[in-house]
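[1] Sequence first, then the predicted structure:
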Amino acid sequence: MAMIDTQEQESLDALKAWWKDNRNWLISALAIALFAYAALTYWRSYQGKQAAEASTLYAEVLKQVASNDPKRINDSVAALVDKYSNTAYAPRAQLLAVQTNLQFKDLTRAKSQLEWVIAHASESGLQDTARLKLSSMLLDEKNYTEAMKLLDATHPDAFVGLFADLKGDVLAAQGKTEEARSAYKLAFDKLDGKSAYRNLIQLKLDGLGIETQGGVK
């Protein structure tokens, strides 16, 4: 029995010695693990809270959009973006405000909002929508170089037809008929065959009056 007690004591002493040598490392590792878990839990909770609060402000934006009052709309959008710029609601709110600002000819504000969406939106579809709108504005301003820079940005296949069509408009405005025709042809081929939009592109192609061996096309 005494032998067993001695062995137990030796094991206990060895455990105490190991704990003394390693306790700081273990406590630090445990603290880091607990902190990481707490941080993850907090972040998930924070994100949920952020989304809920942003949703409330977005509902206010929609309410003000219905009023068609540009000041009230822009103020509500600014309040949302200021507090919750990292949520999915912020770029959507900006795009809604753009429509109103274009309607009321506040082009400077509309361009600024579109640039914000391009720079900050996490969804490529929203960024590409903003690029199309901004490049259209730049086309109206005859700022063809900047418009083409936006249209040359990488975009998913679903947007190819729309980007190509607007490229055709920019090229046609510059008198680059052959290049415009190629762009319109790409747009025509990429858009849904049942889309009425293709009829408009066909009219643009017809209007270019491209000369072929058979005469004017």
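    Looks like it arrived, so ask away. Numbers count the residues shown, from 1 in each chain.
[2] how near is residue 184 to residue 137?
    21 Å (Cβ to Cβ, to the nearest Å). Yep, even glycine has a C-beta here, placed from its N, CA and C like the rest.
[3] Of those two, give the one with the bigger neighbour count.
    residue 184 (26 against 18; other Cβ atoms under 10 Å).
[4] shouldn't the more buried one be in contact with residue 163?
    No - with contact defined as Cβ atoms under 8 Å, residue 184 does not count as touching residue 163 (11.9 Å).
[5] tell me the contacts of the residue positioned nearest the centre of the chain?
    In the chain, the residue lying closest to the centroid (Cα atoms, centre = their mean) is residue 121, at 2.8 Å. Residue 121 makes contacts with 90, 91, 127, 130, as judged by Cβ atoms under 8 Å, 6 or more residues apart in numbering.
[6] Now it. Its backbone dihedrals?
    Note on residue 121: its backbone torsions stand at phi -60, psi 140 [degrees, to the nearest 10].
[7] any idea how far it lies from residue 64?
    21 Å.
[8] And residue 149, by the same measure?
    For residue 149, the distance to residue 64 - Cβ to Cβ - is 33 Å.
[9] ok, those two, which is more surrounded?
    Shown here are residue 149 and residue 64; by other Cβ under 10 Å, residue 64 has more neighbours (22 against 13).
[10] returning to what we had before: narrow the contacts of residue 121 to those that are buried.
    90, 91, 127, 130 (16 or more other Cβ atoms under 10 Å).
[11] Make TSV out of these and add secondary structure.
    Below are the buried ones among the contacts of residue 121 laid out as TSV (DSSP: H, G, I helix; E, B strand; the rest coil):
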residue	secondary structure
90	helix
91	helix
127	helix
130	helix
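[12] As CSV, those with distance to residue 178 and pLDDT would be great.
    Formatted as CSV, the buried ones among the contacts of residue 121 follow (distance: Cβ to Cβ, whole Å; pLDDT from 0 to 100):
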residue, distance to residue 178, pLDDT
90, 42, 93
91, 37, 93
127, 30, 94
130, 29, 95
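[13] what about residue 100, neighbour count?
    22.
[14] Might you report the residue contacts of it?
    Counting by Cβ under 8 Å, 6+ apart, residue 100 makes contact with 65, 68, 70, 73, 74.
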